[in-house]
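# Generate coordinates for the sequence data below:
(chains A, B and C)
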Amino acid sequence: MPELPEVETIVADLRPHLTGRTIVRCELLFPTIVRYPEPEVFVDSVAGMRISAVTRRGKFILMHLDNALLLVVHLGMTGQLRLVDADAPIEKHTHAIFTLEGDSAPPPGAARRPPRRAGRCLHLRYRDPRRFGRLLLGTEESLLASKKLPRLGPEPIDPSFVPDELYQSLRRRRTSLKAVLLDQGAIAGVGNIYADESLHRARLRPDRMAAGLSRKSAQRLHESLRDSLLMAIKNRGSSVDTYRDAWGNIGGQQEKLLVYGRAGEPCFTCGRPLAMIRLAGRSTVFCTKCQR
DNA sequence: TTAAATTCCTGTAAGC
DNA sequence: TGCTTACAGGAATTTA
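Residues are numbered from 1 along each chain as shown, chains lettered A, B, ... in the order given. Down below sits the predicted model:
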């Protein structure tokens, strides 16, 4: 599942190859993947637009276009954004194809080159077997006003996100720690993998009430959350399901996960089998001995 | 107002 | 072997 580290990896990969390029046209093979505006308007509006920047907010990929327009991509569970040669075979479940202006010169400072040959058109393709993802287009104001882009909490890896901010958002909530971590309005970008990982690192039970957590424990959670996310970014994300980077490669963090996907297996710290419960509608794995 | 439950969707794996 | 069924989950929507 693409969470903050996976989305960050894709954005960092795409940025040098998309910045400054123009979208020649857009083709929707599955129009309802566009949630706003109407698909026909979307297709007409992106054509001819230049991409001035590529950024991330929570799990959203933001492509900044002319006229303050944002082309927004949310990958949902199985969404993939790939940069490929225009003549590459179209994979099953490809829902949108953006043809980019041809330019044989690779962008300066490109760490990884996409698989393309000089003089060929590039495609940015969106595929998503489970179709939980979505595409949006609009100004930030219009997307927020229409509630297509939700109000998001602070970025957990931003230096401005301090322990006290986490403490304050936890103490207001009468639900589990896990539920708050998954709430995008509380903290942006955390999903099921890194919620479980950071709670384990912080030695906190996921079903503990958020309100009532001590300042000291909140500080520990703040640190482990940042550590989990930054380490995953360093390892280019977790490919536990279908996640692939912009070139179709898997990440490396799945090899290093402490609890996610390891229910019944021994805890790396104490050896006790990891427990699994259901919290906030999600399977939740933790150690009953190490996490209190 | 807030929290919990439901819904969407398809590939995969378990069970018979 | 082949079919059926349960499960995975992000977030919008609905219900409590």
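
# Which parts of chain A are strands?
Per DSSP state E, chain A carries strands over the ranges A:23-28, A:34-36, A:53-57, A:60-64, A:69-74, A:80-85, A:94-100, A:122-127, A:134-139, A:275-279, A:282-286.

# Next, see if the last one gets close to DNA strand B.
No - judged by C-beta under 7 Å from any atom of the strand, strand A:282-286 and DNA strand B are separated, with a smallest distance of 9.4 Å. C-beta: built from backbone N, CA, C; applies to glycine.

# Counting neighbours, what do you get for the closest residue to A:Tyr167 other than its chain neighbours?
Of all residues not flanking A:Tyr167 in the chain, A:Ala218 sits nearest, at 3.8 Å (C-beta to C-beta, 6 or more residues apart in numbering). Residue neighbour count, defined by other C-beta atoms under 10 Å, stands at 23 for A:Ala218.

# residue contacts, A:Ala218?
Residues in contact with A:Ala218 (C-beta atoms under 8 Å, 6 or more residues apart in numbering) are A:163, A:166-167, A:170.

# Same question for A:Val11.
Applying C-beta under 8 Å, 6+ apart, the residues contacting A:Val11 are A:54-56, A:61.

# For DNA strand C, see how far away it is.
14 Å (C-beta to the nearest atom of the strand, to the nearest Å).

# Going through the contacts of A:Val11, which ones are buried?
A:54, A:56, A:61 (16 or more other C-beta atoms under 10 Å).

# Of the contacts of A:Ala218, which is the nearest to A:Leu257?
Of all the contacts of A:Ala218, A:Leu257 sits closest to A:Leu166, with 22.1 Å by C-beta to C-beta.

# Nearest residue to the closest one in space, please, no chain neighbours.
A:Leu166 sits nearest to A:His222 (C-beta to C-beta, 6+ apart), 4.6 Å away.

# neighbours around the one you found, how many?
Neighbours of A:His222 (other C-beta under 10 Å): 22.

# From what I see, it and A:Ser169 are in contact.
No - A:His222 is beyond contact range of A:Ser169, at 10.7 Å (criterion: C-beta atoms under 8 Å).

# which residues sit in contact with A:Gly133?
So A:Gly133 contacts A:33, A:73-79, A:126 (C-beta under 8 Å, 6+ apart).

# so can I have TSV of the residues you listed showing neighbour count and pLDDT?
Putting these into TSV (neighbours: other C-beta atoms under 10 Å; pLDDT from 0 to 100) gives the following:
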residue	neighbour count	pLDDT
A:Ile33	21	93
A:Val73	25	95
A:His74	19	94
A:Leu75	24	92
A:Gly76	16	90
A:Met77	16	88
A:Thr78	19	89
A:Gly79	29	91
A:Tyr126	25	94
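
# contacts with DNA strand C among the residues you listed, please.
A:74, A:76-78.

# of the residues you listed, closest to A:Cys287?
Nearest member of those to A:Cys287, counting by C-beta to C-beta, is A:Met77, at 26.0 Å.

# how far away is the closest one from DNA strand B?
A:Met77 is 7 Å from DNA strand B, by C-beta to the nearest atom of the strand.

# what's the answer for A:Ala202, then?
On the measure of C-beta to the nearest atom of the strand, A:Ala202 and DNA strand B end up 20 Å apart.

# cool, A:Ala145 as well?
As judged by C-beta to the nearest atom of the strand, A:Ala145 and DNA strand B stand 18 Å apart.

# Equivalent analysis for A:Val162, please.
A:Val162 is 22 Å from DNA strand B, by C-beta to the nearest atom of the strand.

# repeat for A:Gly237
19 Å.

# Over to A:Gly189?
Where DNA strand B is concerned, A:Gly189 sits at a distance of 19 Å (C-beta to the nearest atom of the strand).

# likewise A:Leu136?
16 Å.

# That residue reaches A:Leu149, doesn't it?
Yes - look at A:Leu136 against A:Leu149 with C-beta under 8 Å: they come within range, at 6.7 Å.

# Mind listing the shared neighbours of these two?
Joint contacts of A:Leu136 and A:Leu149 (C-beta under 8 Å, 6+ apart) are A:72, A:143.
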